[in-house]
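Colleague: Would you be able to build a 3D model of this:
(4 chains)
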Amino acid sequence: MLLIHCPYCGETLPETEFAYAGEAHIARPENPSEQTDAEWVEYLFMRSNVKGVHFERWRHIHGCGRFFNAARHTVTDKFLTTYKAGEPRPDIEALTGIKAGVKEGEK
Amino acid sequence: MSTYRIQGRGRVNHSEPVYFTFDGKTYTGLRGDTVASALLANGVHLMGRSFKYHRPRGAVSAGSDEPNALLGTRRGKGQFEPNTRATLQEVRGNLETTSQNKLPSLKFDIGAINDASYMMFSAGFYYKTFMWPKSFWDKVYEPFIRAAAGLGVAPSEEDPDDYAARYVHIDLLVVGGGVAGIMAALTGARAGAKVVLVDETAEMGGALLSEPAVTIGGMAGWDWLAAALEELESLGVQVMTRTTAIGYYHENMVGLVQRVSDHLDHVPEGAPRERLWRVRAKQVVLAQGALEKPLVFDGNDRPGVMLASAAQTYLNRYGVKVGSRAVVVTTHDSAWYAAFDLAEAGISVAAIADIRPKIDAELVSKARALGIEVLPSHTVITTRGRLRVKSVSVAPVSNGAVGTSRVIPCDVVLMSGGWTPSLHLFSHTQGKLKWDAEAQVYLPDVKTEEVEIAGAGRGLWGYGAALEDGVVAGRTAVKALGLRATARAPGVGVDRPGTGIMVKDLPTNGDPGKARAFVDFQNDVTAKDIRLAVREGMRSIEHVKRYTTNGMATDQGKMSNMNGLMIASDALGKAPPQVGLTTFRPPYTPTTFGALANYVRGHQFEVTRKTAIDSWAEENGAVFEPVSQWRRAWYFPKDGEDMAAAVARECAATRKSVGIFDASTLGKIEVVGPDAVEFMNRTYTNPWTKLAPGRTRYGLLLGEDGYIRDDGVIGRLSQDRFHVTTTTGGAARVLNMMEDYLQTEWPDLKVWLTSTTEQWATVAVNGPNARKVLEPLVEGLDISNEAFPHMSIAECTVAGLPARLFRLSFTGELGFEINVPASKGRVLWEALMKSGAEYDICPYGTETMHVLRAEKGYIIVGQDTDGTVTPGDAGLDWALGKKKPDFIGMRGLKRPDLVASGRRQLVGLLTSDPKVKLEEGAQIVLDPNQPKPMKMVGWVTSSYYSATLGRTIAMALIEGGFDKMNDTVYIPMPDKTITAKITGTVFYDPEGEKVKL
Amino acid sequence: MTKFSALSLVKNALTGHKGWTEQWPECEPKKEYDVIIVGAGGHGLGAAYYLAKEHGITNVAVIDKGWLGGGNTGRNTTIIRSNYLYDESARLFDHAVDMWQGLSQELNYNVMYSNRGCLMLAHNVHDVQSFQRHIHANRLNGVDNRWLTPEECKEYCPPVNIDKNARYPVMGGALQERAGTARHDAVAWGYARGAAARGVDIIQNCMVRAIRRGPDGAVMGVETDRGFIKAKKVAVSASGHNTMVMETAGVRLPLESMPLQALVSEPVKPCFPCVVMSNAVHAYCSQSDKGELVIGSGTDQYVSYSQRGGLPLIEHTIAAISEVFPIFNRMRMLRKWGGITDNTPDRSPIIGKTPVKNLYVNCGWGTGGFKATPGSAHLLAYTVAKDEPHPINAPFSLERFTTGRLIDEAAAAAVAH
Amino acid sequence: MTFDKKTAGGVTIEELPAEARFSLRVRDGERAAVAGALGLELTDTVGVMTSGSGRKALCLGPDEWVLSGAPGDAAAITAACAGVYDAAPHSLVEISEREIFIRASGPAVEALMATGVARDLSRIGPGQGARTVFDGTPVVLVREKTDSFRLNVWRSFAPHLLGHLFHVQKELASGL
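Modeller: Sure, this is the predicted structure:
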């Protein structure tokens, strides 16, 4: 069971209180009607599915109820950081020395 | 009676005999015995049969790594379990044990015919045969293989025992109650840390329990142990015996299973059998010691051949002599010490055969002093004996050449192939191991969790080293906790660490192709099988394992993995790390399902949600159906009515006069704030701006892909407040989706969402007399058609209760839905029943609700839609706010396939024969005479007998259905083809006059 | 290649099994291949086998970063069935089930395909409606699947609890008798042996780092940790790594990779005659020929390549097994493992061409890839050889996500009113 | 009462009387005005409870409080908030009926709670609380005293939760 730090509650809590909510920083287009089919499929379905540092959303569904963002390494499952919704993507390399989105086999 | 028990010796209670049965015969053990030690004390070595060859087997070990001595155990009705390790299960009253995998008896097993034809059953033999003729696999070969496989028999009765679970949060968890673990726990506890210490056996002490001669801190080892345990207790350490650390999970969470009551003669009322502990420790010390390896030689599996350390444990911990005349075969000093202990206890030790040419002179002289023949540079050729070893053949080895063998009579053979650090839990963390080429062992390397390894687990041998290392590990953990450690390791006397070498299968002067040199005892994998697998191209240990099944037995490779690896490396001519190491996966030892399920059983398996009116329904004979987490009244049969009769009566009563229905399970969400209407506009397809307070509207919710997700009637209570209803199953999902958009996409909107599903009990009253029933109970509101028209909402008082009153209809009749505080749901219901008595008010369930709505063509999301249906498909285009700039799903609806022609559209179906009811889910074709696979154009989503119409009705999704009105379609059934005509979906009151009464 | 037969087994037994030879040789990569398949699982090895056997393309390499069959091929619960709802899915999986029937003989390798039947339990009215819909559609598609009453379910699989007062009462079940299980590793080994015998190079422990494209955008070959290998065509079939590999060719995929846990009990004598699936309770169980209960668990909820898995999911899975089969409560869990499943938005696979010329992909099988192995391999080989999809896999294109023509088995089954 | 008080195994499980309860949602900028109208402080520290004017407010989220008062106080609370709504928009929704209130107390209460709550309960001090899950059931729990917890659970989940609590009570009473 993962331990997840909720940036709103300020507590590190068991995974059972949280629900995963997909990749982060995929903003809904301002004017969906103006989107081409190709653009819309990008928004709807295409995902980076990173093997490495993954930016993703969680909801503290059985806690404060807030959606927030996290950077987590998908090979170790370790959280590098969590941050509030709407905040910019943190510089993971500066934070941890790990390059975000690093492909397997690279250093 | 017992000739193998040494009076007064060991840690068993010699004054407390315990009686148990084995294969129907009663045996006497002592309190503190395991079943294995008690049987050995009675001279019983033969305890089971092997998996493939049904070879007779006895206990090889004295611990959880035991592959052979697995028994069925039973306490009482429903309390049978297979494959219990005799080496771990303590004797108790009310214990029946039975041997396994034998037919008809343990001593005479006809399955052993496999053993005689063993050359056929080489590694991977089943991949190469049993293919002809093809039909034989299912009918002949597979049943044969299956019947031969398996060990014990599965339980056949429901388990009456309870199981428990706990979460626990601590500073330091120490796994392993040997001296290293105890010292680590002491170090932590003395520094003020909150510590838990666990060990899988019945007693703390680990190997020390098998070596009473050791002195620690100037005391006898066992006295030091008692003092240490006392100190741990006084420092508040939770010391847990009979507790196995089964798995090491993310973020220092360790799963423990405590065997709470299997050792007790009588179990107190309410006590669990086992308890799962989910420990979250800031620091973990793994002090799990090392496992002794067997040696691999022909006949190394006969009853009486066992690990040297096991014999030492049976002697010193349980006071049991494992035989009268022993031969020791070894590559490690530790077996010499075991031999000395046995010899000093009066067991004849005929010889020690050691593969090493050079042996420590002190060992040799001590052996000779004890009258033991010393055979350096000796290998084992074979053993003899059918149900018990009778002799062992040994031969000298010189420069790889094996000389002439000689036979030494004996009744036990003690073997030691050296020691493997126990790193299973460390491996669960995906910590990396490194190969120590000198010691020929894997040791812990890169850590991924807050963990320390102490003692033999990292290749340190001897009590002095283990105690020192326990302190080191404890100090590291204590420091990481921000505390100060003060503990120091005590001095040790009579320490016998010893050294040894690791070998592959032992050299032999016989034909190695015929050797029955077992690597995995339980799965009957021999050295020859592993070499064959390599010859056939299996170059990784993972392939070798899967091809031979080495290491896949219930000991999880504890006995076999390292020997298998050494032999495979030898066969490949590669160093072990190039061949790999099978990943250890949880659990450490097999774990009872009950402990994992713990409280989540029977009716506690999952919540059954009931409404405030459920009790009334139950008292009045309702039949219930499960709907998501809820149970809902399905129908209310009267005097022997079946479902069809009850539903027909409920429908007729409602259409004719008035019916009453518990709608409390519908999801309710209160949407409040200055931007509430804007939020509604963006989420639901419909336009909301012009909906006046006091009015309601049917709302439709899509996914971003344009498909229908949910629906419900939504009322505007005031400018800034909406009462949203959702489907029963959709309540949580819809709220989560709304929160997602609100928090993530539209954080600027000043609006908040609150679930009020359980704030309100909801009762629907429908039928031409609905108003007459309700009116007398309403205060503060005129509910006449003029003052309170269809699709209105208001707050008022009903039956003296504060209420939110909807005027709406899901039946096509005049209808009201009354929401009152949840705890008063039954009060309202009974008031309405009373008020409705003069109109023969009829309670109805979900089935009647379904029929009535289907007569009106109202859809049920999830029944008439399936996640691939657009509003257009469902005939709900009118619910789209076409002038709105956007709503969830608006863009998705414009994708090519969603606007293409030929989409399946929701229509009505009337069978040619009005008595024939279509099956829901039945498929529709245009040409019933085509061959299979048929071209299906749609399917029946809803189908009922309509008492109102005196015939059956159905709804269906049919390709281009809107343009096929009055066309005939066909529904091929297994026995006949049904014809039906496509119609509109509104079968009753198409003008919609009834709701406007 | 030594032909496997009862006779060859006896002959070898008499000579101490010294006559058996390598089932596939160890290969160093050549400079150039006609086709490179990335991923030596059952699907990839099988595709190589069919390329050689049915399309005469033998200059083929199957490259894997680890050992062959070391991915999901060896990490599943070996369930094989084809009782899918949509015509497209039913055809796809039934194509595979047809091929399973004779696969042992085809490969001269006993993959132990066992027609023991798959029983899907219905626990509420919605389940009943949904399964009836499957049964009717399957019948008209020529796929066997029939309805059993609760009592018939119990007769077919005695450990099932049909107590009407259970939290999840059994209201009936859908039985596909042609469904069953197979020995997963043997499938990879059998295809590897068959492909190698036809000249295919199987290159293990060689990581494909990137797909190289030429100036015209078409595929040129693959960059590996043993250097560049030229190829006329490249097919990617590397579950758990597809996103990364395809991204190097500039192709984005609608995938999320999640760990799926599975486990086995200790082995016991035969007590469980078929496969049982209970979607409502999340219990999936069969018994292996070795006697272990093979139990499917769920996927963790988050993207992960760790294969580690947590305890709560295992607790939930075991609780579900004890709910549907209460007599197993005193059995023990022996071993659990995890595989990485690639999940598409509609939970159906993608097999076909990509926007890049001569690059093909086979991915997105979620938890259902093993059952499709021979069919998927066969169709992928066809698609690569002909540079166009077979009619059976044509609907499973990457474009369907743009057009909206999804094949959504999950949506059709999951929604409860 | 929906269930009877029971003491065994070192814990007492009892139902608490009804109270007026509201879900209050308000943003930072408007919080002070609403707090003023209600006559208590509204902290923005999740898990902390404040009280004033006979009312209590437990902060459940950054803009969410559960507000409780005497049963007769509901109308006054509604009116107080309505009075400042235009100036300080917020959401006040009555949820008095949504939950059942259970108290578990006694020397063994931590063991009881540890059978269902995955959180480290030592981090919730007396007077603090949180929304969490108890053995799969969503609850709001408040630690009233060192050895006393209050569990607020949605009405339809209460029998399930109580089934668990009473079962564990028997387990605790067995002494094992």
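
Colleague: Could you use CA atoms for every contact and neighbour count after this?
Modeller: Fine.

Colleague: so what's residue 73 bridging to?
Modeller: The chain I'm using is chain A. residue A:53 (DSSP bridges).

Colleague: please go with chain B instead
Modeller: residue B:81, residue B:97.

Colleague: what sits against it?
Modeller: Neighbouring residues of residue B:73 by Cα atoms under 8 Å, 6 or more residues apart in numbering or on different chains: B:80-82, B:84, B:95-98.

Colleague: want to try JSON lines for those residues, with neighbour count and distance to residue C:195 as columns?
Modeller: Listed next are these as JSON lines, based on neighbours: other Cα atoms under 10 Å in any protein chain shown; distance: Cα to Cα, whole Å:
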{"residue": "B:80", "neighbour count": "23", "distance to residue C:195": "48"}
{"residue": "B:81", "neighbour count": "24", "distance to residue C:195": "45"}
{"residue": "B:82", "neighbour count": "26", "distance to residue C:195": "43"}
{"residue": "B:84", "neighbour count": "21", "distance to residue C:195": "44"}
{"residue": "B:95", "neighbour count": "23", "distance to residue C:195": "56"}
{"residue": "B:96", "neighbour count": "22", "distance to residue C:195": "54"}
{"residue": "B:97", "neighbour count": "26", "distance to residue C:195": "51"}
{"residue": "B:98", "neighbour count": "21", "distance to residue C:195": "49"}
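
Colleague: Can you say which two of the residues you listed are spatially most distant?
Modeller: B:82 and B:95 (13.2 Å; Cα to Cα).

Colleague: picking that back up, mind putting the contacts of residue B:73 into JSON lines with pLDDT?
Modeller: Output for those, formatted as JSON lines (pLDDT from 0 to 100):
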{"residue": "B:80", "pLDDT": "97"}
{"residue": "B:81", "pLDDT": "96"}
{"residue": "B:82", "pLDDT": "97"}
{"residue": "B:84", "pLDDT": "97"}
{"residue": "B:95", "pLDDT": "97"}
{"residue": "B:96", "pLDDT": "98"}
{"residue": "B:97", "pLDDT": "98"}
{"residue": "B:98", "pLDDT": "96"}
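
Colleague: Nearest to chain D, out of those: which one, please.
Modeller: residue B:95 (20.0 Å; Cα to the nearest Cα).

Colleague: roughly how far apart are the closest one and chain A?
Modeller: Noted for residue B:95: a distance of 37 Å to chain A, by Cα to the nearest Cα, to the nearest Å.

Colleague: mind listing what that residue touches?
Modeller: Counted by Cα under 8 Å, 6+ apart, residue B:95 has contacts B:20-21, B:73-75.

Colleague: Which PyMOL command selects the buried ones in the residues you listed?
Modeller: In PyMOL, this line selects whichever of the contacts of residue B:95 come out buried by 16 or more other Cα atoms under 10 Å in any protein chain shown:
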select buried, chain B and resi 20+21+73+74+75
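
Colleague: so which of the contacts of residue B:95 would you say is closest to residue B:46?
Modeller: Closest to residue B:46 out of these is residue B:21 (14.6 Å), distances taken as Cα to Cα.

Colleague: where does that closest one fall, helix, sheet strand or coil?
Modeller: Recorded secondary structure, residue B:21: strand (DSSP: H, G, I helix; E, B strand; the rest coil).

Colleague: Now do the contacts for residue B:71.
Modeller: Per Cα under 8 Å, 6+ apart, neighbours of residue B:71: B:47-48, B:82-86, B:97-100, B:152.

Colleague: Against chain C, how distant is it?
Modeller: Residue B:71 is 12 Å from chain C, by Cα to the nearest Cα.

Colleague: In CSV, list the C-alpha atoms belonging to the host helix or strand of that residue.
Modeller: Per DSSP states H and E, residue B:71 falls inside strand B:70-74. Presented in CSV, the C-alpha positions along strand B:70-74 are these (Å, rounded to 0.1, in the frame of the first residue of the first chain):
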residue,chain,number,x,y,z
LEU,B,70,3.2,-32.0,4.9
LEU,B,71,0.1,-33.3,6.5
GLY,B,72,-3.6,-32.8,6.5
THR,B,73,-4.7,-31.5,9.9
ARG,B,74,-8.1,-31.2,11.4
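
Colleague: Up against chain C, what does the stretch 601-750 of chain B have?
Modeller: Residues of the stretch 601-750 of chain B lying close to chain C (Cα under 8 Å from any Cα of the partner chain) are B:601-603, B:605-606, B:608, B:625-628, B:705, B:727-730.

Colleague: which helix is the longest one in the chain?
Modeller: Just so you know, I chose chain A. helix A:37-44 (DSSP state H).

Colleague: that answer is for a different chain, and I need it for chain D
Modeller: helix D:158-173.

Colleague: List the neighbours of it that are in contact with it.
Modeller: B:269-272, B:599, B:604, B:606-608, D:8-11, D:13, D:100, D:108, D:112, D:115, D:134, D:137.

Colleague: Select from those every entry located in helices.
Modeller: residue D:112.

Colleague: Can I have the buried ones of the contacts of helix D:158-173 as a ChimeraX selection?
Modeller: Command for ChimeraX that selects the buried part of the contacts of helix D:158-173, burial taken from 16+ other Cα under 10 Å:
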select /B:270,271,272,599,604,606,607,608 /D:8,9,10,11,13,100,108,112,115,134,137
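
Colleague: ok, and of the contacts of helix D:158-173, which contact chain A?
Modeller: The subset of those within reach of chain A, by Cα under 8 Å from any Cα, is empty.

Colleague: and the closest residue to chain A within chain D, what does it touch?
Modeller: Nearest to chain A in chain D, going by Cα to the nearest Cα, is residue D:61, at a distance of 4.1 Å. Residue D:61 makes contacts with A:8-9, A:63-66, D:44, D:46, as judged by Cα under 8 Å, 6+ apart.

Colleague: re earlier: may I have the longest helix of chain D as CSV, with CA atoms only?
Modeller: Backbone C-alpha positions of helix D:158-173 (Å, rounded to 0.1, in the frame of the first residue of the first chain) are rendered in CSV as follows:
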residue,chain,number,x,y,z
ALA,D,158,-24.1,2.0,9.7
PRO,D,159,-25.3,-1.6,10.0
HIS,D,160,-22.3,-2.9,8.1
LEU,D,161,-19.9,-0.8,10.2
LEU,D,162,-21.6,-1.9,13.4
GLY,D,163,-21.4,-5.5,12.3
HIS,D,164,-17.7,-5.1,12.1
LEU,D,165,-17.4,-3.3,15.5
PHE,D,166,-19.5,-5.8,17.4
HIS,D,167,-17.6,-8.7,15.8
VAL,D,168,-14.3,-7.3,16.8
GLN,D,169,-15.7,-6.6,20.3
LYS,D,170,-16.1,-10.3,20.7
GLU,D,171,-12.6,-10.9,19.4
LEU,D,172,-11.3,-8.5,22.0
ALA,D,173,-13.3,-10.2,24.7
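
Colleague: Cool, thanks, signing off.
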